Every structure is written in C-alpha cells, then in structure tokens.
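1. Sequence first, predicted model second:
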Amino acid sequence: MSQHVFKRAGFLAATVGAAGLLGAGVASAHVTANVYGPQPTKGGYAAIVFRVPSEEKDPVKTTKVVVDFKADYGIGSVRTKPVPGWTAEVTKSKLPAPITKDNGTQVTEAVTAVTWTAQPGSELKATDYQEFSVSFGPLPTNVDQVEFPAHQTYSDGKVVDWNQPTPAGGEEPEHPAPVVKLAAKSEGDEHGMAAGTASTTGEHTEAAASSSDSTARWLGGAGLLVGAVGLGVGAGATIRARKATAKSGGNS
C-alpha cells in the first residue's frame, strides 16, 4: 500500500515536471513578442519583450536580430532597453503621406525597424536565448493586432525570417511572425491622449515600469503558490506512507 502512495506522488511530480518542460519548449520554439502587464490598447503605447532563441548547432551562434515595424502603423517613437553585449539601432523612414493619430498629431516619419547586433563574445550559443525589451507607440487604431516580422542572422551567414502570418483559427506556420493583440480603447480611457505627449513627458515609460513591477509581483506570488502546493503534496504523501507502514506493522 505504501508503494502505491509513493507511486502516485511520483507520478504527480513527473507530470508537473513534464508540463513545465513542455511549456518551456513551446515558448522557445520561435521568436515571440511577449506582453508584460496590461494588454496594449489601440492608440496607446506598448511595452513588450522580443524573446529570441538560438536554434542552430554549435559552433554557430546568433549575431544579429532585426525586427520590422510596418510603416503604415505610424509608430513614431521606440525606446529600447540596454542589453549587455548588444547594441541597438532604431531606423525611421519618411512616410509617403502623413498619418493622423486620434489626438490630432500627424506622423510624417515612422519607425520601420530595430536592429540588435552582438558585440564579439556576446553572441547567442545554441543553448542560449535573449530578451530584447522595447516601449513604443502610439499604436494604430484601425487594426486588432500588430505584427513584427523578425530576421535572425547566424555567424555562418544564415538568415532565418520569422515573418509568416498565422491564419485566424488555422495551424501555426513554420516561421510565424511575432504578434501582439490590441485591446479596444474603452470610453474615457485617457491613455491614448497621453500617448501623444509621452515621448516628451515619459508617461509611457512610467507605465511600462509599473507593468513590469506588477508582473514581477504576480510571478513571485505564483512561485510561492507552486512551492506551497509542492510541499503539501510531499507532506501528504509522507504522512500517508507512514500510516500505511504503521498499519502494516500492526497487522503483522
């Protein structure tokens, strides 16, 4: 009977472990755009992280990552978070015609790409991944999601394009483009109006910091909860095993 208890506890632990590994494998399968904090709203600003895994075999390494920003989104401002060992360059292009935002601001020049380049010794090995954080906006109001085609360059000259759109309700392509879904702007939401002046006041930077702090607290709480569940499972299994052993000894 005690063996049965331990088998059940072992199966539960193995299941949890396998689920964690499976989640990690899926998350690292391709370049993704991850939102930390509240979902970005149409016309507002976004704070996201591009997660880039290095998938080629050693000794081939990732040396450069380029993320495209579609010109018709009219994103006028992008800020990058410094990554040790990497340099970031924001590319802007003049628009064929100005894009007028909801607050009346006209965008004549939009961000079209951000390029991260590894300095010698900081390239990503096959077992590595890196996260590149950006804050940008104002976001478009006429789309439900924004796509960011990415291009990953390896030390052997190979370039992998993560630029395939994922069809609605369809199977994910081999090299999907990173996507961020946009929430609808609610009535009385002033975030869109503040976005027009955020590049000079720093409001969107403060919002991004607040989102990161909330996320850190959430992750910390989740970690404590998982740890508590694990301790409970282990303690329960031990108690049941001792009872079973004692009962078996008494019967003998």
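-> Yep, that arrived. These figures come from a predicted structure and were not determined experimentally. Numbers count the residues shown, from 1 in each chain.
2. Surely V67 touches F148?
-> Yes - contact criterion Cβ atoms under 8 Å: V67 and F148 qualify, at 5.1 Å. Backbone N, C-alpha and C define where each C-beta goes, glycine included.
3. what is in contact with these two at once?
-> By Cβ atoms under 8 Å, 6 or more residues apart in numbering, V67 and F148 have these common neighbours: F50, P178.
4. got the CA coordinates for the longest strand seen in the chain in PDB?
-> Across the chain, the longest stretch assigned as strand under DSSP state E is strand 86-100. This file holds the C-alpha atoms of strand 86-100, laid out as PDB (Å, rounded to 0.1, in the frame of the first residue of the first chain):
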ATOM      1  CA  TRP A  86      24.400  44.100 -27.700                       C
ATOM      2  CA  THR A  87      23.900  47.400 -29.500                       C
ATOM      3  CA  ALA A  88      20.500  48.700 -30.600                       C
ATOM      4  CA  GLU A  89      19.700  50.900 -33.600                       C
ATOM      5  CA  VAL A  90      16.300  52.300 -34.400                       C
ATOM      6  CA  THR A  91      15.500  53.000 -38.100                       C
ATOM      7  CA  LYS A  92      13.000  55.700 -39.100                       C
ATOM      8  CA  SER A  93      11.600  56.300 -42.600                       C
ATOM      9  CA  LYS A  94       9.700  59.200 -44.100                       C
ATOM     10  CA  LEU A  95       6.100  58.300 -44.900                       C
ATOM     11  CA  PRO A  96       4.600  58.800 -48.400                       C
ATOM     12  CA  ALA A  97       1.800  60.700 -46.700                       C
ATOM     13  CA  PRO A  98       1.300  61.800 -43.100                       C
ATOM     14  CA  ILE A  99      -0.700  59.600 -40.700                       C
ATOM     15  CA  THR A 100      -3.100  61.500 -38.400                       C
END
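5. In terms of secondary structure, what does that strand contact?
-> Of the remaining helices and strands, those touching strand 86-100 by 3 or more Cβ pairs under 8 Å, 6 or more residues apart in numbering; DSSP states H and E are strand 77-80, strand 106-118, strand 129-137.
6. Quick one: closest of those to N163.
-> Among the helices and strands packed on strand 86-100, the nearest to N163 by Cβ to Cβ is strand 106-118 (12.6 Å).
7. hmm, back to that, just the buried residues of the longest strand of the chain, please?
-> W86, A88, V90, K92, L95, I99 (16 or more other Cβ atoms under 10 Å).
8. Just send these back as JSON lines, with distance to V160 and pLDDT too.
-> What follows is these, written out as JSON lines (distance: Cβ to Cβ, whole Å; pLDDT from 0 to 100):
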{"residue": "W86", "distance to V160": "18", "pLDDT": "98"}
{"residue": "A88", "distance to V160": "20", "pLDDT": "98"}
{"residue": "V90", "distance to V160": "22", "pLDDT": "98"}
{"residue": "K92", "distance to V160": "25", "pLDDT": "97"}
{"residue": "L95", "distance to V160": "29", "pLDDT": "93"}
{"residue": "I99", "distance to V160": "31", "pLDDT": "89"}
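9. List just the nearest of these to P120.
-> W86 (11.4 Å).
10. That closest one bridge partners, please.
-> A118 (DSSP bridges).
11. ok, now which ones touch it?
-> By Cβ under 8 Å, 6+ apart, the contact list for W86 reads W116, T117, A118, Q119, S122, Q130, F132.
12. Adding neighbour count, distance to T108 and pLDDT, write these out as JSON lines.
-> Shown next, in JSON lines, are those (neighbours: other Cβ atoms under 10 Å; distance: Cβ to Cβ, whole Å; pLDDT from 0 to 100):
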{"residue": "W116", "neighbour count": "20", "distance to T108": "26", "pLDDT": "98"}
{"residue": "T117", "neighbour count": "16", "distance to T108": "28", "pLDDT": "98"}
{"residue": "A118", "neighbour count": "20", "distance to T108": "33", "pLDDT": "98"}
{"residue": "Q119", "neighbour count": "11", "distance to T108": "34", "pLDDT": "98"}
{"residue": "S122", "neighbour count": "16", "distance to T108": "36", "pLDDT": "97"}
{"residue": "Q130", "neighbour count": "21", "distance to T108": "33", "pLDDT": "97"}
{"residue": "F132", "neighbour count": "21", "distance to T108": "27", "pLDDT": "98"}
